[in-house]
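Peer 1: The following comprises the amino acid sequence and a computationally predicted model.
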Amino acid sequence: MIQSDLIRGHLDTIVLKLIMEKDRYGYEIASCIKERTKGAFLLKEATLYSALNRLEKKDVITSYVGKKTHGKKRRYYKITALGKAYFKEKYSEWNTFKNILETLLEDDHERN
């Protein structure tokens, strides 16, 4: 199981990536993360909705109410043009961070 502290700084990037693929509702986002990580990362509902609210306030996503399914309407999230640019920026930051960690944590024999 992945500790939430390790992923917290990258949650916006993860959520934006999933919404870029297609408009999604909250439970679908959480389920997708669980499925793609084979259960190694479980996103708490409160954490997810906090991130979605934060992203919506930044105007990087918008929301709309979709068709009624299973007796209730779902709120879907859609990425904006600003959101696509924000995702590129956050992805670049993550990639730089990943490369730094790999450099710092690799064994000496792997560098030679």
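Peer 2: Here it is on my side, so go on.

Peer 1: dump the residue contacts of the closest residue to residue 84 other than its chain neighbours.
Peer 2: Leaving aside its sequence neighbours, residue 84 sits nearest to residue 20 (CB to CB, 6 or more residues apart in numbering; 6.8 Å). C-beta coordinates here come from the backbone N, C-alpha and C atoms, glycine included. If you count contacts by CB atoms under 8 Å, 6 or more residues apart in numbering, residue 20 has them with 79, 83-84, 87.

Peer 1: Need the buried ones from the residues you listed selected in ChimeraX.
Peer 2: Of these, the buried ones can be selected in ChimeraX as follows, counting by 16 or more other CB atoms under 10 Å:
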select :79,83,87
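
Peer 1: pLDDT and distance to residue 98 added to the contacts of residue 20, as TSV?
Peer 2: Formatted as TSV, the contacts of residue 20 follow (pLDDT from 0 to 100; distance: CB to CB, whole Å):
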residue	pLDDT	distance to residue 98
79	98	22
83	97	22
84	97	21
87	97	16
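
Peer 1: Backbone dihedrals for residue 66, please?
Peer 2: Main-chain torsions, residue 66, degrees, to the nearest 10: phi -90, psi -170.

Peer 1: rewinding a little: tell me the average confidence for whatever helix or strand the residue nearest to residue 84 lives in?
Peer 2: If you go by DSSP states H and E, residue 20 is part of helix 11-21. In this model, helix 11-21 carries a mean pLDDT of 96.

Peer 1: how far out from the middle of the chain is that helix?
Peer 2: 4 Å (CA atoms, centre = their mean, to the nearest Å).
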